[in-house]
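J.: Quick one, structure for this:
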Amino acid sequence: MMKVGSFHSITVVISTVPAVYLPDPLGVAIMLLDPTVATEHSTARSTSTEASSLSSKHRTVRPIGVYALGGLAVRGKKLLAVDSIRGYVVEVDPATDDTTILNPYHTSEFLGATGLALAGDVIWFTKDQSVYRCSLTDFTPQLFVTLPYPADGVAVWQTTVYVTCQKAGYIIIFDSETSREITRFSAPGVGIENLTVRGEELWLSDRLERSVYCMDRATGELRFSVLTPFDSPSGLVFCPSPGTGEETLYVSYAIEEAYIRDDPNNSDFPYDLTFRDRTFIHPLYFRHYPEQHFTLSNGFLVEMIYAEEMSPLEAVELNGLEWRIALPAETARQTVRQIEPIGIPFKEETQEGQRVAVFNLGNLKPHESRIFGWKALLEVRGIKYQLTHIDVEKTPPLPIEFQNRYLVDDDDLMMDSPTIQAAARDAIGTESNLLRKVLKIRNYVYDRLSYGIKPHIDTPDVVLERGIGSCGEYVGLLLALARLNGIACRTVGRYKCPPYPDRQGVPLEPEFNHVWIEFYVPGYGWLPMESNVDDVIDGGPYPTRFFMGLPWFHAEMAKGISFENMKTPDGGADVSIGDLAINHVRFIILGELPPP
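T.: This next block holds a predicted model:
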């Protein structure tokens, strides 16, 4: 790492918000859900009109005076939520953020509560290891059941009560009248989960997995999952949209964020790094494509700039210098609206199916300065593939051209090293299923590596012995072990937009580059898998949010090819890119896209 479709007939319900077309910096029309995110492009309006527009086109619901929202419920057109820090049960108007505390005399009983459900006029909630219920008019809790582990979320459907328990790894189902356990389903994720019921569907949010799952309420079978646009989803519920009245899936989020604040009492160090609670509710838009085995979710229109500032460390003279930089790719989750050059024009070429910008810089004189690169306008969304182990049991053999290209050592992977060959055997054991093999290889690498940044990339054998690696070194080891086990795979990169979708219209600069991999499933195609990002729990179990999934903030390019290189006709470019130039990477989130 270096510094720097078709709708599912039952389950897919999306809400639309009146769109507006705005001119953007590249001179094309931008269709956004909320015109208030770019007020500099809007015509002047009166205060009352502006307030009305804000009220009717709210995107993110920000309840007043709350700190960490847990479970969500719905009453009419209002949202109900529980604040685990204050102990408030609040009613929130999603159109105005108006917030009312419903239990002003019973807040202590709800301190630490995490799950919330409403059945008629009865409130159900989880706290510590127990599930309670109370009346909307009384709020005196009555114990329903106590578990051996913490109870996380609760949902109610007729006489059935669903309770999530991360420690147990199950959704436990009870009879509401007798408190008797009826059955239990395996939890789809590994984090703390909350849930809601919608018809024949059971919907769960998972804080660690950054995911929402749609399951069959009767059988517990997973239908599909959706990546959320924000981290740490803490609750969910379907509620009529204030703009259209259509049923919308609202998801709450509760995170602790770092920020810098002024310290007027310390003149030597006038700033402090500290933390604060941040909680809000945002609609989750999605579209499930069952035939393509994936689901798209919330997306954003993003401007990305990649530019090189020619600033040689030493006097260098090069003749006929050609500089190649990969361009963003067209994928199922990423659309390239426009690309234009920065500084000097480029010629576009295709290399192994990937778009590449070729800059002919001519003769470079000693200490010559230049700026060149590209600016792209991208539509990016979250994507999650839904393939099961059974789906890949009878896949066709890997084509010969894929074997010759993606099963070889083409990047110092040390695939002939006894250490790496032994690791490849140990990683999969006797497993023969392709998906299970990939997951076992990933977990094998996670068990043996911890994340750390180095100024250069070492070979996989060195990394494995050291036990610490950057994202690029995770990728190298993953590639070597997968290819030795007959799994075609390739590197993908190269940058992530800083994942702050509410920071729109301002430059966001990533501190580092980033790479991940794609593996190939014959008969289905290339599937993404993150390198080190899911390695978050020592010894596991590891989340699978980015196993066959990518969040909206990944910019896809350079699939299986070098992201950037240079050459001269006589091969005399005996100098590295880092010695010649400084790269500049910048993202600007222009707004949220309409639902997929």
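
J.: hey, let's count contacts and neighbours off CA atoms from now on
T.: Noted.

J.: so how far does stretch 139-158 reach from one end to the other?
T.: End-to-end distance for stretch 139-158: 21 Å, by CA to CA, to the nearest Å.

J.: Contacts for that stretch, please.
T.: Stretch 139-158 is contacted from outside by 71, 103, 106, 109, 114-119, 123-134, 161-168, 179, 192-197, using CA atoms under 8 Å, 6 or more residues apart in numbering.

J.: What's the ChimeraX syntax to select whichever of those residues are buried?
T.: Here is the ChimeraX command that selects the buried residues among the contacts of stretch 139-158 (16 or more other CA atoms under 10 Å):
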select :71,103,106,114,115,116,117,118,119,123,124,125,126,127,130,131,132,133,134,161,162,163,164,165,166,192,193,194,195,196,197
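
J.: residues in contact with residue 208?
T.: Contacts of residue 208 by CA under 8 Å, 6+ apart are 190, 191, 192, 232, 543.

J.: Surely the last one and residue 530 touch.
T.: Put plainly, it is residue 543. No - assessed by CA atoms under 8 Å, residue 543 is found out of contact with residue 530, at 11.0 Å.

J.: the more surrounded of these two?
T.: Neighbour comparison, residue 543 and residue 530: the larger count goes to residue 530, with 24 against 18 (by other CA atoms under 10 Å).

J.: Could you find the closest non-adjacent residue to the more buried one?
T.: Distance criterion CA to CA, 6 or more residues apart in numbering; nearest residue to residue 530, sequence neighbours excluded, is residue 516 at 4.9 Å.

J.: How about residue 315?
T.: The nearest residue in space to residue 315 (CA to CA, 6+ apart) is residue 366, at 4.6 Å.

J.: Tell me the spacing between that neighbour and residue 344.
T.: 19 Å.

J.: The stretch 301-450 of the chain: helices as residue ranges?
T.: Secondary structure of the stretch 301-450 of the chain (DSSP state H, counting those that start in this stretch): helices at 400-406, 418-428, 434-448.

J.: how far does the last one sit from the chain's center?
T.: When C-alpha coordinates are averaged (CA atoms, centre = their mean, to the nearest Å), helix 434-448 and its chain have centres 20 Å apart.

J.: circling back to that earlier point, may I see the contacts of residue 208 organised as CSV, with pLDDT and secondary structure added?
T.: Shown next, in CSV, are the contacts of residue 208 (pLDDT from 0 to 100; DSSP: H, G, I helix; E, B strand; the rest coil):
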residue, pLDDT, secondary structure
190, 97, coil
191, 97, coil
192, 97, coil
232, 97, coil
543, 96, coil
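
J.: hang on, the earlier thing: export the helices of the stretch 301-450 of the chain to JSON lines and tack on distance to residue 556 and mean neighbour count?
T.: Conversion of those to JSON lines gives the following (distance: least, CA to CA, whole Å; neighbours: other CA atoms under 10 Å):
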{"stretch": "helix 400-406", "distance to residue 556": "19", "mean neighbour count": "13"}
{"stretch": "helix 418-428", "distance to residue 556": "28", "mean neighbour count": "17"}
{"stretch": "helix 434-448", "distance to residue 556": "21", "mean neighbour count": "20"}
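
J.: would you turn those into TSV with distance to residue 223 and mean pLDDT?
T.: Below are the helices of the stretch 301-450 of the chain laid out as TSV (distance: least, CA to CA, whole Å; pLDDT from 0 to 100):
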stretch	distance to residue 223	mean pLDDT
helix 400-406	31	97
helix 418-428	27	98
helix 434-448	18	97
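
J.: Out of those helices, which is closest to residue 370?
T.: Of all those, the one in closest proximity to residue 370, counting by CA to CA, is helix 400-406 (36.0 Å).

J.: Determine how far that closest one lies from the middle of the whole chain.
T.: Here helix 400-406 is found 31 Å from its chain centre; the criterion is CA atoms, centre = their mean.

J.: then it to PDB, C-alphas only?
T.: Presented in PDB, the C-alpha positions along helix 400-406 are these (Å, rounded to 0.1, in the frame of the first residue of the first chain):
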ATOM      1  CA  ILE A 400      -7.600 -22.800 -21.200                       C
ATOM      2  CA  GLU A 401      -7.000 -19.100 -21.800                       C
ATOM      3  CA  PHE A 402      -7.900 -18.400 -18.100                       C
ATOM      4  CA  GLN A 403      -5.600 -21.100 -17.000                       C
ATOM      5  CA  ASN A 404      -2.700 -19.600 -19.000                       C
ATOM      6  CA  ARG A 405      -3.400 -16.100 -17.800                       C
ATOM      7  CA  TYR A 406      -4.700 -16.400 -14.200                       C
END
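
J.: Which neighbouring elements make contact with it?
T.: Helices and strands in packing contact with helix 400-406 are not found; criterion 3 or more CA pairs under 8 Å, 6 or more residues apart in numbering; DSSP states H and E.

J.: And the contacts of it?
T.: 483, 488, 489, 490.

J.: Tell me which entries of these lie within strands.
T.: Counting by DSSP state E, the part of those found in strands is 489, 490.

J.: closest to residue 303 among the contacts of helix 400-406?
T.: Of the contacts of helix 400-406, the one sitting nearest to residue 303 (CA to CA) turns out to be residue 490, at 25.9 Å.

J.: Figure out how far stretch 69-78 is from the centre of its chain.
T.: Taking mean C-alpha positions (CA atoms, centre = their mean), stretch 69-78 and its chain are 25 Å apart.
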